[in-house]
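Colleague: predicted structure and sequence below. I'll ask about it afterward.
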Amino acid sequence: MCKNLIGQVAHRLKNLIFASINSNTLIQRIQTLFMLLAGFGSLLGAFVFPLWIGENAATYADDTAWIQTTFLASAVLGFYTIFKFKKRKNQFVLNRLGILVNFILLGFFVYQSLTISGEAAVSEKGIGLLMPVVSIAFLALANRAIKKDEALVKSADRLR
């Protein structure tokens, strides 16, 4: 049931992204690429890469409901802000919200890493722990590009 729902969401998201690629104004902006990479980074962290690797099995984000929800919220926020390209200030604020969500997730991971002893069954860290850092970096780059766009529009308004 859950895999079917995830498959349907992924299919709809793919159709939405490929439909938006046909729009010339959307694809010409570098922040679109950064937000897309941040969203995919969160999705990879949620479903593909392990968070912790134990002796018997790996722990993924979908093993814990709130971690999976936080990863998905970060991904949805990243993809949603792509389509707010006509309102750059709102896009900037939503990216900051995405950065905050990823910092909360990263803070939890750091706390978990520091409180688990080295001899515990879950002692090796997976690459999924770094996915919030990747998303934060791409969202920060997107905000930087949005600021440049906003400055360019303001300078063009001054010339009129």
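Modeller: It's in.

Colleague: contacts and neighbour counts: CA atoms only from here.
Modeller: OK.

Colleague: how near is Leu139 to Tyr111?
Modeller: 23 Å (Cα to Cα, to the nearest Å).

Colleague: between those two, tell me which one has more neighbours.
Modeller: Using other Cα atoms under 10 Å, the more surrounded residue of Leu139 and Tyr111 is Leu139, with 29 against 11.

Colleague: does that one count as helix, strand or coil?
Modeller: Here Leu139 is recorded as helix under DSSP: H, G, I helix; E, B strand; the rest coil.

Colleague: now swap in the one 4 residues further on and tell me
Modeller: With three-state DSSP as the basis, Asn143 sits in helix.

Colleague: skipping adjacent residues, who's closest to it in space?
Modeller: The spatially closest residue to Asn143, leaving aside those adjacent along the chain, is Phe92, at 5.8 Å (Cα to Cα, 6 or more residues apart in numbering).

Colleague: host element of the closest residue to Leu141 other than its chain neighbours?
Modeller: Leaving aside its chain neighbours, Leu141 sits nearest to Phe34 (6.7 Å; criterion: Cα to Cα, 6+ apart). Assigned by DSSP states H and E, Phe34 falls within helix 30-47.

Colleague: that older thread, mind telling me what element the residue nearest to Asn143 is part of?
Modeller: Counting by DSSP H and E, Phe92 is found in helix 88-115.

Colleague: buried stuff in that helix?
Modeller: 88, 91-92, 94-99, 101-103, 105-106, 109, 113 (16 or more other Cα atoms under 10 Å).

Colleague: among the residues you listed, which one sits closest to Arg144?
Modeller: Distance to Arg144, by Cα to Cα, is smallest for Phe92 among the buried residues of helix 88-115, at 9.0 Å.

Colleague: now do that closest one against Ile53, distance only.
Modeller: Per Cα to Cα, Phe92 is found 36 Å from Ile53.

Colleague: got it, and Ser113?
Modeller: Taking Cα to Cα, one finds Ser113 at 12 Å from Ile53.

Colleague: try Glu150
Modeller: From Glu150 over to Ile53 (counting by Cα to Cα), the distance is 44 Å.

Colleague: so between these two, which is more surrounded?
Modeller: Legend: neighbour count by other Cα under 10 Å for Glu150 and Ile53, higher for Ile53 (17 against 14).
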